[in-house]
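> Mind folding the following:
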Amino acid sequence: MHMPPAREFGWGLKRNSSAYFDIHKRPNGQFCVVLNHSLLRGVTAEMLYWWFQNFTRIRVRLENVPGYDNTAVPAYWLWHPYDHVSATLSGSLGADGVAQSGAKIRIREAMQYDKYGWRYPVDNTLQVHYCEVDGWAMGKTIPVLGPAMMLRIHFKDVFRRGRRIGAHYHYEIVIGVSGDHRIAKWVNRKITRHFSPEFFEAWQTHNVIEVGTFEHFLPALFVQRDSGLNLKYSPLMSQAQMGSDATGFDAELFKARLASYAASTDPYLVQRFNGSSILNDETDDSTRHTGTK
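Numbers count the residues shown, from 1 in each chain. Sure thing, here's the model as predicted:
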């Protein structure tokens, strides 16, 4: 696996303090991770749905990017300036090749590559379980033992006094098989053997930067969506050189989800995607925490 040269977009990348993040580790070795983000700068849930349907297929011609000027690259390279290698979709695809439930996606990247190099590589092929207007989910299953990993994302527009100000982006991942028997514990030790505080710091940094880059490039690509899959981007098209420092949109939801995982004997039952969002129907942020740090 070869890491492409970093893309110097000139963006102000989000800091870990801009998202709520915590981990619950079960006695059998499973990990449950919850993050809660705010996306502003014109990002909407419609844009996020379009992105997850199409990001593996879009090519973007970069302008005003050192080393990449007038070069077409995978859109996946905009989603992170230095950790992403490739994302490819196969299997059961929707009309015109868009992602949908049943497809398979191969993700290749490295966590915080600028600091750790290849210490924390990712090369996984996962099943897409959900790709709808309110979210995305993908995971991996071990025969007989059941789910071994499931990543679940919810997104929804946020309004303030009737005006849309951005999108709520809520992220959860469960890693490891369920059960308190000896086989489950052995499998989980194998799956999570490289998990350390340093790994989770790298993973958190990766995720916060990845989600935060949407504020810079997604609105600019979305307005070109009727032009097909070959688009263009210049950092001059970003609505702001700095990402917003708004904290996670809903502190209470974040705490409640962590508590649910802590109380459960099977975290996949807590996480199960049943076609409905865990985000509250209330969309006006006047009753929610969206402060800055």
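
> my guess is H84 meets V73, correct?
No: applying C-beta atoms under 8 Å, one finds H84 not in contact with V73, separated by 10.1 Å. Any C-beta I mention is one placed from the backbone N, CA and C, and that applies to glycine too.

> who has more neighbours, these two?
H84 (24 against 17; other C-beta atoms under 10 Å).

> need the longest helix for this protein.
With secondary structure taken from DSSP state H, the chain has its longest helix at helix 197-212.

> Show me what that helix is packed against.
strand 20-25, strand 31-39, strand 163-175 (3 or more C-beta pairs under 8 Å, 6 or more residues apart in numbering; DSSP states H and E).

> Show me what secondary structure element comes after it.
Sequence-wise, the next helix or strand downstream of helix 197-212 (DSSP states H and E) is helix 214-222.

> by contact count, what packs against that following helix?
By 3+ C-beta pairs under 8 Å, 6+ apart, helix 214-222 packs against helix 45-54, helix 76-79, strand 230-233.

> Now tell me what touches it from outside.
Residues outside helix 214-222 that contact it (C-beta atoms under 8 Å, 6 or more residues apart in numbering) are 9, 11, 39-43, 46-48, 50-51, 58, 60, 75, 78-79, 231, 233, 235, 237-240, 243-244.

> Same check on stretch 199-210?
13-16, 18-19, 21, 23, 33, 35, 37, 79-81, 83, 109, 111-112, 115-116, 119-120, 171.

> just to revisit the earlier point, tell me the most buried of the helices and strands packed on helix 197-212?
Each of the helices and strands packed on helix 197-212 was scored by mean neighbour count; the highest is strand 31-39, a mean of 24, by mean count of other C-beta atoms under 10 Å.

> So for stretch 83-103, what gets flagged as buried?
By 16 or more other C-beta atoms under 10 Å, the buried positions in stretch 83-103 come out as D83, H84, V85, S86, A87, L89, L93, V98, A99, Q100, A103.

> helix, strand or coil for the fourth one?
Recorded secondary structure, S86: strand (DSSP: H, G, I helix; E, B strand; the rest coil).

> so the nearest residue to it once chain neighbours are set aside bridges to which residues?
Once flanking residues are discounted, S86 sits nearest to R108: 4.8 Å by C-beta to C-beta, 6 or more residues apart in numbering. Judged by DSSP bridges, the bridge partners of R108 are S86, D123.

> Appreciated, that's everything.
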